[in-house]
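> Here is the input, now give the coordinates:
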Amino acid sequence: MRRIEVKKGDFVLREEVEVVFEKKVTPFGNSAKVDVPKRYLGWRAYV
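As a prediction, this is how the structure comes out:
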């Protein structure tokens, strides 16, 4: 399990969260993707 450290501000989950998915943003692949601008390629997305 990865530990999340927030550098600016707070990271608060107020709803009943069962699962947090973490995936690196990539330009290709066969799984579901997050629509993000190209400048975020290589970053991590938490959905």
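
> Check the gap between residue 38 and residue 27 for me.
Distance of residue 38 to residue 27, computed by CB to CB, to the nearest Å: 8 Å. (Each C-beta comes from the backbone N, C-alpha and C, glycine too.)

> Residue 7 too?
Going from residue 7 to residue 27 by CB to CB gives 26 Å.

> One more: residue 39?
Distance from residue 39 to residue 27, counting by CB to CB: 12 Å.

> what about this protein, any weak spots by pLDDT?
Applying pLDDT under 70 to the chain picks out residues 1-2, 4, 13-21, 29-34, 47.

> which residues in this structure form strands?
For the chain, the strands defined by DSSP state E cover 22-24, 44-46.

> neighbouring strands for the last one, and are they parallel or not?
What that stands for is strand 44-46. Paired neighbours of strand 44-46 in the sheet (DSSP bridges): strand 22-24 (antiparallel).

> What residues sit buried inside the partner strand?
Residues of strand 22-24 include none that count as buried (16 or more other CB atoms under 10 Å).

> since we're on residue 45, how many residues are nearby?
Using other CB atoms under 10 Å, residue 45 has 13 neighbouring residues.

> all numbers from here: first residue = 17
Happy to do that; since the first residue is 17 now, the last one works out to residue 61.

> ok, it touching residue 38?
Yes. In terms of CB atoms under 8 Å, residue 61 counts as a neighbour of residue 38; the distance is 7.5 Å.

> what about the helices in the protein?
Assigned by DSSP state H, the chain shows no helices.

> More neighbours: residue 23 and residue 43, which one.
A count of neighbours by other CB under 10 Å puts residue 43 above the other of residue 23 and residue 43, at 8 against 4.

> Need the phi and psi values for the nearest residue to that one once chain neighbours are set aside.
Excluding the flanking residues, the one nearest residue 43 by CB to CB, 6 or more residues apart in numbering is residue 57, at 5.9 Å. Backbone torsions of residue 57, given as degrees, to the nearest 10, read phi -60, psi 130.

> Contacts only, for residue 57.
By CB atoms under 8 Å, 6 or more residues apart in numbering, the contact set of residue 57 is 41-43.
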